[in-house]
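Trainee: task: produce atomic coordinates for the following.
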Amino acid sequence: MGWLLLVPVVGACGTAKDTTADAFQMPVDAAPPVDAATHGMITATTLDYLTNNAPVAGVPVIIYAPDGTVASEMVSDANGTITGEVDVGGSVTAYYTSASRNSALTIVDVHPGDNLVFGISERNTASEGTFNVTFPPTAGATGYTVYGPCNSVSGAANTAVAIQFRKNCKPDQFDVFVVAQNASGPFSSAEALGVMRASSSVTLANIWTPLDNFNVGYQNFAANIPSIDFQRYAGFPSNGASSGTTVTTATGHTGSAQSSVRAGKYAYVTSQFSRPSGDPKLSVGQYITQRIDGKASSYALDIDAHRLPWIQGLTYDMATQTVAATLEHPSTISEVLVGLEFSRPVGGVTVQYEYIVMAPKLDKIKFPVLPAHLNVVYPASGSSFQVVSYMIDSTDGADWNVTRQSPIDLYFSTFVGSTTNTARLSFGSADVTLP
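Mentor: Model (predicted):
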C-alpha cells in the first residue's frame with residue numbers, strides 16, 4: 001500500500017504491462033500570476049517522500065509542454081535538484097524507482113519561477129537543540145508528560161525536562177504544558193503560554209487545571225452519515241494531548257470526549273465521516289480540521305456549511321490514461337491529488353506501482369506518457385487496481401499558485417492536523433477492473 005492510500009479500503013490487484021497512450025493534455029484551470037512570463041526557468045527538488053525526505057539524486061525528471069509532449073528530460077543532482085525551462089501550463093514529473101516500488105509524481109499547470117518540491121518541504125528532523133521545562137508536583141500524580149511544539153517526553157517534578165527542537169520545528173515563541181497522570185490516567189495539567197525559545201528554559205507556575213469532558217455537537221448533515229469520529233488535540237495540531245469520541249448519528253448529534261486537557265492557546269479538532277456512495281466499488285469520506293480556543297469546553301460544527309462536495313464517481317480510461325471524476329457540485333479548492341495504485345510480481349518480488357497527479361481541480365485528470373526508455377509499467381487490460389482521489393482546501397487562502405510549489409505538504413498537514421483555521425479534505429477510492 002502506498003502513502004496515498006490512507007483511506008481504509010480493500011481492492012484487488014492484477015498484472016500490468018508496458019503500453020503507450022495518447023499525449024498528456026495538461027489542465028490549465030489556475031490562472032498564472034499577474035505579469036508572469038509565459039516561458040522561463042523553474043527548479044524542482046526530488047526528496048525521499050516515503051521516509052525522511054532527504055534529497056534523492058539520480059531521479060529522472062521530465063518537463064512537459066502544455067500539449068503533453070516532452071520538452072526536456074534530466075536527472076536530479078546530488079542535492080536532488082534540477083533546473084529547466086517550462087512554458088506556462090506545462091507540467092513536471094519525477095519518476096522514482098526501486099526494487100519494490102516505482103512512483104511517478106506529477107505536478108501540473110506549472111509556471112516560470114516555480115520552485116517545485118516532490119516531497120514534504122520541511123521534514124528535516126535533525127536535532128536543533130533543546131529547551132528545559134521545570135514544573136512543581138501536584139498531589140496524587142504518579143507520572144508526568146511534558147508537551148512542547150515538536151515532541152512530548154516523560155519527566156519528573158522539580159527537575160529540568162528537556163524538550164527537543166528540530167530543523168523543521170523551531171518556533172521562536174510557543175506554549176508548553178505538563179499533564180499529570182495517576183493509576184486512572186491523566187487528570188490535571190499546568191501550562192506556560194508564549195514562551196520564547198531564546199530564553200532556553202521556563203518554570204511553570206503551581207497552577208493545575210483538572211481535565212474535563214469536551215462536548216461536541218454536529219448539525220446539518222445527511223441522514224446516511226452513520227457516525228462521525230471526532231479527535232481533539234490540545235496545544236498542537238499533531239503533537240498535542242489527544243482525546244476523542246464517536247458520535248452515532250442515529251441516536252443523536254452530540255457526544256463527549258472525556259479527559260480532555262485544557263492547556264495551550266489553541267486546540268485542534270478533526271471530524272471524520274463517510275457515507276454510502278451508491279456504488280459498491282466506490283468508498284468516500286471527508287475530514288474537517290479546525291483550530292479553536294484551547295480553553296473552550298465545547299465545539300459545534302455545521303457539516304453542510306463546511307464540507308467539500310462528495311465524490312460521486314471515479315473511472316479510468318485505459319486508452320487515454322485519464323481519470324474522470326463526478327462531483328456533487330463544482331467547488332473552488334486549494335489542490336487535488338489523483339493516483340493509480342497497483343502491484344505485480346517481478347522476478348519473485350511484488351513491485352508496487354504508484355502514479356500520482358497533483359492538480360488545481362478535480363475533473364478529468366490525464367496521466368503523463370513517460371519516455372519509453374524508462375520502461376514504465378501501466379495498468380493492463382483485464383487488471384484490477386485502485387483509483388484514489390483527494391480534494392483538499394485550506395481557508396488560509398492558499399490557491400494553486402501557492403500549493404503547487406509543494407503540494408504534498410498540504411495533503412499531509414490535513415491528516416496530521418493543520419495549523420490553519422480550517423482545512424478540509426474529500427476523498428474517494430474506487431476499485432477498477434479494466435476490460
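
Trainee: and Tyr411, that one's in a strand?
Mentor: No. Tyr411 is assigned helix when assessed by DSSP: H, G, I helix; E, B strand; the rest coil, not a strand.

Trainee: OK, contacts around it?
Mentor: Residues counted as contacts of Tyr411 (Cβ atoms under 8 Å, 6 or more residues apart in numbering) are 335, 337, 390, 392. Any C-beta I mention is one placed from the backbone N, CA and C, and that applies to glycine too.

Trainee: just the buried ones from the residues you listed?
Mentor: 335, 337, 390, 392 (16 or more other Cβ atoms under 10 Å).

Trainee: need the max-distance pair from these.
Mentor: Glu335 and Tyr390 (8.5 Å; Cβ to Cβ).

Trainee: could you measure from the residue lying closest to Tyr49 once chain neighbours are set aside over to Pro360?
Mentor: Closest residue to Tyr49 apart from its sequence neighbours, by Cβ to Cβ, 6 or more residues apart in numbering: Gly119 at 3.8 Å. Distance, Gly119 to Pro360, by Cβ to Cβ, to the nearest Å: 20 Å.

Trainee: cool, Gln386 as well?
Mentor: On the measure of Cβ to Cβ, Gln386 and Pro360 end up 23 Å apart.

Trainee: give me the more crowded residue out of these two.
Mentor: More crowded of Gln386 and Pro360, by other Cβ atoms under 10 Å: Gln386, with 26 against 23.

Trainee: my guess is that one contacts Ala430. True?
Mentor: Yes. Gln386 lies in contact with Ala430 (Cβ atoms under 8 Å); the separation is 6.8 Å.

Trainee: read off the pLDDT value for Gly240.
Mentor: Looking at Gly240, its pLDDT reads 83.

Trainee: dump the residue contacts of it.
Mentor: Listed by Cβ under 8 Å, 6+ apart, the contact set of Gly240 reads 147, 233-234, 261, 264, 267-268, 417.

Trainee: relative to Leu47, which of these is nearest.
Mentor: Nearest to Leu47 among those: Gly417, at 21.4 Å, using Cβ to Cβ.

Trainee: okay, and the closest residue to Ala430 other than its chain neighbours sits in which element?
Mentor: Leaving aside its sequence neighbours, Ala430 sits nearest to Leu314 (Cβ to Cβ, 6+ apart; 3.9 Å). Element membership for Leu314, per DSSP states H and E: strand 311-317.

Trainee: that strand: partners in the sheet, and parallel or antiparallel?
Mentor: Using DSSP bridges, the strands paired with strand 311-317 are strand 322-327 (antiparallel).

Trainee: tell me the helix or strand right after the strand it pairs with.
Mentor: Assignment by DSSP H and E places the next element after strand 322-327 at strand 335-346.
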